[in-house]
Every structure is written in structure tokens, then in C-alpha cells.
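[1] curious how this folds, go ahead:
(one chain, ligands or ions: 1)
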Amino acid sequence: MNSTPTAAPHSPFGWIEEQTAARAAAGLHRELRPRPAQSPLLDLAGNDYLGLSRHPEVTRAGADACLHWGAGATGSRLVTGSTALHAELEAEIADFTGFDAALVLASGYAANLAAVTALTAHGTLLVSDAANHASLIDGCRLSRARTEVVPHADPDAVRKALAGHTGRAVVVSDSVFSVDGDAAPLAELAAAARENGAALLVDDAHGLGVLGDGGRGAVHAAGLAGAPDVVCTATLSKALGAQGGVVLGPAAVIDHLVNAARTFIFDTGLAPAAAGAALGALRLLRREPERAGRALAAARTFHRLLTAAGLDATAPDACVVSVRAPSPSAAVEWAAACRSAGLSVGCFRPPSVPDGVSRLRLTANAGLTDEQIATAVSTVVATAPPGA
Ligand SMILES: Cc1ncc(COP(=O)(O)O)c(C=O)c1O
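    Below you'll find the model as predicted:
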């Protein structure tokens with residue numbers, strides 16, 4: 001028997017300590033902060049743009065769906081996870097947004113992975129905006145396509161990227177960019193794609209419910225809904241106040257996704273409570289289209305007041321207003337100071353921001369009063385770090 005003592009193997013997770021220390025030193029450490037059901041803070045961090053996640057009609061629709069269909073979908077959509085409720089939601093959301101057909105998935109993230117990967121193959125060219133959401137970026141990475149990242153909101157760069165490519169191509173863009181809240185030039189992107197026989201895939205996560213006629217979304221507003229070469233994804237978790245994601249497009253595309261999109265096929269169907277709540281929210285939105293206008297007006301007021309106070313705030317095309325911070329740690333301290341003063345704001349730092357610029361992110365919602373807006377602005381201004 002060999003009695004030579006063996007060195008203690010080092011921990012397979014030892015490297016995590018180093019990464020944790022590096023993150024902390026750069027002001028990039030993140031931690032979870034569970035919120036209470038009834039928070040005393042004014043919420044400008046969530047994405048409940050229309051105030052529907054707590055609306056009694058929406059929560060009732062979710063609860064009823066849970067009681068009727070069960071707590072879970074029980075299986076993937078192609079096995080036992082499709083219910084009449086899922087079909088109803090898909091038909092209504094397609095009708096509302098102006099598309100032929102819809103497919104509901106477990107999240108907006110899964111919807112983006114599904115659309116990008118199922119619409120591309122080895123040899124496809126993906127042309128992706130530099131400021132696209134992480135889920136579109138991950139879709140590009142997962143696909144076997146060649147991805148060309150083009151400068152932000154630049155249809156000419158898209159044209160240049162597509163020029164000379166002879167096979168299949170897909171242009172991918174957020175409709176409203178989640179960090180700065182600016183809108184993509186959708187009509188010009190569609191023209192650039194069309195000239196080159198490419199499809200256009202738009203993530204309307206921040207447009208559905210707040211932009212377009214009655215909240216029908218940015219793609220509808222650009223006159224592109226239902227076009228044979230346009231596919232749209234969205235989340236059910238922002239303006240609709242529920243959970244889940246959707247892909248909207250021509251019926252043949254949706255049928256293809258059912259057969260080819262791995263994040264659809266190999267994932268348990270959306271929980272009935274979420275599907276029911278999203279459907280309840282959609283019906284409410286049809287009845288109360290003025291909610292969208294209130295949320296947009298609040299965002300514009302935030303921008304006007306913050307800019308007048310000398311802060312570097314982005315002009316919002318939907319509900320997101322972001323305010324530049326001088327550094328990641330200043331952003332974290334600024335958000336913490338706002339929280340101590342009763343205001344919850346988002347804090348974006350690398351790697352969530354591709355340009356490396358840290359920001360506070362304020363999301364407007366339809367329920368804000370003028371007084372709340374004024375108080376929130378004076379809190380953000382009073383707690384601003386030097387250099388902001
Ligand atoms: C632009 C964008 N796309 C997709 C998503 C993902 O949606 P979900 O949260 O439903 O997964 C988000 C946000 O979370 C988003 O901001």
C-alpha cells in the first residue's frame with residue numbers, strides 16, 4: 001500500500017473567491033434583496049408599466065386559471081402543457097398586436113432564444129444591434145449562424161452588413177432598448193432587411209402595452225405587424241404585469257417554431273396562473289387604452305425635470321429613463337441613497353450595460369401622481385453623487 005501523503009485537492013470552486021473579490025473591488029457585486037408584498041418604497045425600478053400586476057381583475061384571472069387548470073402546466077407544450085387557456089391567449093394576443101399567429105413560452109428570454117435559433121442555421125447571417133438585450137445576444141450565440149454586430153440604431157450599417165450575402169439572413173433588434181429607453185428605427189430597419197431579402201426580428205418587450213395604438217406595440221406602430229417577413233417577440237412580464245413570453249409572426253413561422261424551437265419543445269408550458277393573468281391584462285388593456293398614455297407622459301416628465309436639474313438623463317421613447325452615474329460604485333451608492341429616502345430605482349452596471357457606462361434606471365408607470373413624480377425627482381437630484 002502506498003503511504004505517501006497526497007496533497008489535499010484544492011476546491012473546485014476556489015476560483016469563485018477570486019472572482020468575487022474582483023467584482024467587489026470593481027463595485028460590481030450583486031445581491032438579492034427580497035421585497036415585501038407591500039413595500040413602503042415608491043417603485044421606479046419594476047417594469048409594471050401599466051400597474052396591472054396588482055390589478056384585481058388581473059390577479060383574479062390568474063387565480064381562477066390556477067384553480068381551474070392547476071398550479072403547473074404539467075408538461076411541455078407538445079405533451080400535456082397546452083391548455084385551451086394557452087390557445088385562447090395566443091389567439092387574443094395575435095389579434096391584438098396584428099399578427100397572424102402567436103406562440104406563448106415560459107419567458108421573454110425563452111421566446112428570444114426560440115425565435116433566433118429556429119429561424120437560423122449554419123450559413124445564415126444574423127445582423128444584431130450592438131445594444132440588443134442579453135436574450136437576443138444569447139440567441140445569436142446559441143444559433144449556428146454567423147453574427148455580425150452592427151453599431152446601435154444604424155440602418156446603413158445593417159445594409160452594409162447584408163450587402164453581398166446571398167443566403168438566409170435575419171436582422172435582429174430590440175424595439176425599445178432596455179438600458180437607455182430609446183427606440184429602434186424599425187421602418188428603416190425593415191426597409192434595409194427587405195432590400196436584401198432578409199427577415200426582421202424585433203423584440204418588443206418594452207413596446208407591447210405602451211407604444212402604438214392602444215398599446216399594440218412598436219411593431220404595430222411602425223406598420224410592420226402582420227408583414228410576411230417580420231417576426232416579433234415580447235414578454236408578458238412588463239406592461240401586462242404577468243409572466244411569460246410570446247413569439248408573433250406568420251402562421252408558417254409559428255408552426256415551424258412549434259416543431260423546431262428547443263426552448264419551446266423542451267420546456268414545461270407556461271403556468272396557467274401566468275397565462276390567465278396575461279389574458280386578463282390584455283382584456284383590460286383593450287378596455288382601458290388610456291393607461292399607456294399616462295405611463296408615457298410620466299416618463300417624459302421625469303426626463304424634463306431631471307434634465308432641468310442638470311442630470312444626464314436619456315430622452316425616453318417609452319417608459320425607461322436612465323440617468324448616467326460617474327462609476328459603478330457611485331451608481332450603487334446613489335441607488336442605495338434613493339432607497340434610504342423611500343425611492344426604489346434600478347441600477348445598471350457592467351456587464352448589464354454593453355458600453356460599460358453605469359446608470360440609474362427609472363421606469364415610469366401609469367399610476368404615478370404628479371406629486372410622486374416631483375418627490376422622486378427631488379430625491380434623485382438630492383442624492384446625486386459629484387460628477388453625475
Ligand atoms: C428587451 C428585453 N427582452 C427580453 C427580456 C426578457 O423577458 P423575460 O423577463 O420575460 O424573460 C427583457 C427583460 O427582462 C427585456 O428587457
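[2] OK, now which residue of this protein is nearest to the ligand?
    The ligand sits closest to Gly108 of the chain, with a gap of 2.4 Å, by C-beta to the nearest ligand atom. Where C-beta positions appear, they are placed from N, C-alpha and C, glycine not excepted.
[3] burial count for that residue?
    The number of residues packed around Gly108, counting by other C-beta atoms under 10 Å, is 25.
[4] got the contact list for the residue positioned nearest the centre of the chain?
    Nearest residue to the geometric centre of the chain (C-alpha atoms, centre = their mean): Ala205, 4.4 Å. Counting by C-beta atoms under 8 Å, 6 or more residues apart in numbering, Ala205 touches Gly108, His133, Asp174, Ser175, Val176, Ser178, Thr233, Ala234, Thr235, Lys238.
[5] same question for Gly98.
    Contacts of Gly98 by C-beta under 8 Å, 6+ apart are Arg216, His220, Ala225, Gly226.
[6] contacting residues around the strand or helix carrying the second one?
    Right, His220. Using DSSP states H and E, His220 sits in helix 218-221. Here helix 218-221 makes contact (C-beta under 8 Å, 6+ apart) with 97-98, 175-176, 183-184, 186, 202, 204, 207-208, 211-213, 225, 230, 232, 248, 318.
[7] and those residues, which of them are buried?
    97-98, 175-176, 183-184, 186, 202, 204, 207-208, 211-212, 225, 230, 232, 248, 318 (16 or more other C-beta atoms under 10 Å).
[8] which of those residues fall in helices?
    Residues of the buried ones among the contacts of helix 218-221 located in helices (DSSP state H): Thr97, Leu186.
[9] what about the buried ones among the contacts of helix 218-221, which are in strands?
    Val202, Val230, Cys232, Leu248 (DSSP state E).
[10] got a markdown table for those residues, with pLDDT too?
    As requested, those are exported to a markdown table (pLDDT from 0 to 100):
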| residue | pLDDT |
| --- | --- |
| Val202 | 99 |
| Val230 | 98 |
| Cys232 | 99 |
| Leu248 | 99 |
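[11] that's a strand at Thr147, yeah?
    Yes. Thr147 forms part of a strand when assessed by DSSP: H, G, I helix; E, B strand; the rest coil.
[12] quick one: it from Leu105, how far?
    22 Å (C-beta to C-beta, to the nearest Å).
[13] higher neighbour count, the two?
    Leu105 (27 against 19).
[14] who are the packing partners of the helix of greatest length in the chain?
    As assigned by DSSP H, the longest helix anywhere in the chain is helix 290-308. On a contact count with 3 or more C-beta pairs under 8 Å, 6 or more residues apart in numbering; DSSP states H and E, helix 290-308 meets strand 320-324, helix 370-382.
[15] ranges for the helices of the chain?
    14-25, 56-69, 84-97, 108-118, 134-142, 155-162, 186-195, 218-221, 251-260, 262-265, 272-287, 290-308, 328-340, 370-382.
[16] hmm, who's touching the longest one?
    I take that to be helix 290-308. 49-52, 181, 209-211, 214-215, 239, 285, 313-316, 318-321, 323, 362-368, 370, 373-374, 376-377, 380-381.
[17] what residue spans form the domains of the protein?
    Per automatic domain parsing, the structural domains of the chain span 56-287, 289-382.
[18] so how far does the shortest one reach from one end to the other?
    For domain 289-382, the first-to-last residue distance is 35 Å (C-alpha to C-alpha, to the nearest Å).
[19] and the stretch 51-200 of the chain, which residues reach the ligand?
    Ser107, Gly108, Tyr109, Asn112, His133, Ser135, Asp174, Ser178 (C-beta under 6 Å from any ligand atom).
[20] any idea of the pLDDT on the fifth one?
    Yep, that's His133 we're talking about. pLDDT for His133: 96.
[21] that one: how many residues sit nearby?
    Residues near His133, counting by other C-beta under 10 Å, number 24.
[22] once you drop chain neighbours, what's closest to Thr59?
    Leaving out its chain neighbours, the residue that sits closest to Thr59 by C-beta to C-beta, 6 or more residues apart in numbering is Ala277, at 6.9 Å.
[23] give me the neighbour count for Gln38.
    Other residues lying near Gln38 total 6 when counted by other C-beta under 10 Å.
[24] distance of it from Ser53?
    Counting by C-beta to C-beta - Gln38 and Ser53 are separated by 13 Å.
[25] now do Asn112
    Applying C-beta to C-beta to Asn112 and Ser53 gives a distance of 21 Å.
[26] I'd say Pro326 and Pro385 touch.
    Yes. Using C-beta atoms under 8 Å, Pro326 is in contact with Pro385, at 6.1 Å.
[27] and Ala198, what's its pLDDT?
    For Ala198, pLDDT reads 98.
[28] cool, Arg30 as well?
    On the pLDDT scale, Arg30 gets 88.
[29] how about Ser352?
    81.
[30] that one contacts Ile137, correct?
    No. In this structure, Ser352 is not within contact of Ile137 by C-beta under 8 Å, at 11.6 Å.
[31] neighbour count: the two, which is higher?
    Ile137 (20 against 17).
[32] what about the stretch 101-250 of the chain, any weak spots by pLDDT?
    For the stretch 101-250 of the chain, no stretch has pLDDT under 70.
[33] higher neighbour count, Asn112 and Ser53?
    Each of Asn112 and Ser53 has its neighbours counted (other C-beta under 10 Å); Asn112 has more, 31 against 21.
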